[in-house]
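S.K.: Need a 3D model of the following:
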Amino acid sequence: MNIEVGGLLGLILLICVIYAIVKTAQSGASTGNKVIWIVVLLLLPFLGFILWFLFGPK
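M.R.: Got it, this is the predicted structure:
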């Protein structure tokens, strides 16, 4: 199962993931939780962003 994201959709996904990483780093969550969320966002960009949006630190 090979999924490729390119062009405009890839750019939008990149912007969303960078936004999520910045907001996670600025959150009041513990350092361990921040690291876990950032690693999830980097390893699984699409799924990680959805999970962060639903369950991430507020």
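
S.K.: which ones are touching the residue most central in space within the chain?
M.R.: By CA atoms, centre = their mean, the chain has its centre lying nearest to L41, at 3.4 Å. Counting by CB atoms under 8 Å, 6 or more residues apart in numbering, L41 touches V17, A20, I21, T24, G48, F49, W52. Using the backbone N, CA and C atoms, a C-beta is placed for each residue, glycine as well.

S.K.: if you skip the residues just before and after it, what's nearest to it?
M.R.: G48 (4.3 Å; CB to CB, 6 or more residues apart in numbering).

S.K.: For the top helix by length along the chain, give me every contacting residue.
M.R.: Ordering each helix of the chain by length in residues (DSSP state H) puts helix 7-26 first. By CB under 8 Å, 6+ apart, the list of residues contacting helix 7-26 from outside reads 5, 34, 37-38, 41-42, 45-46, 48-49, 52-53, 56-57.

S.K.: Can you pull the poorly scored residue ranges out of this structure?
M.R.: 1-5 (pLDDT under 70).

S.K.: go again using 80 as the cut-off
M.R.: By pLDDT under 80, the weakly predicted segments of the chain are 1-7, 58.

S.K.: what comes up buried for stretch 46-58?
M.R.: For stretch 46-58, a neighbour-count test (16 or more other CB atoms under 10 Å) marks G48, F49, W52, G56 as buried.

S.K.: let me fix that: stretch 28-35
M.R.: For stretch 28-35, burial by neighbour count (16+ other CB under 10 Å) applies to A29, K34.

S.K.: Next: stretch 17-30.
M.R.: Those buried within stretch 17-30 under the rule 16+ other CB under 10 Å are V17, A20, I21, T24, A29.

S.K.: Thanks again, I'm all set now.
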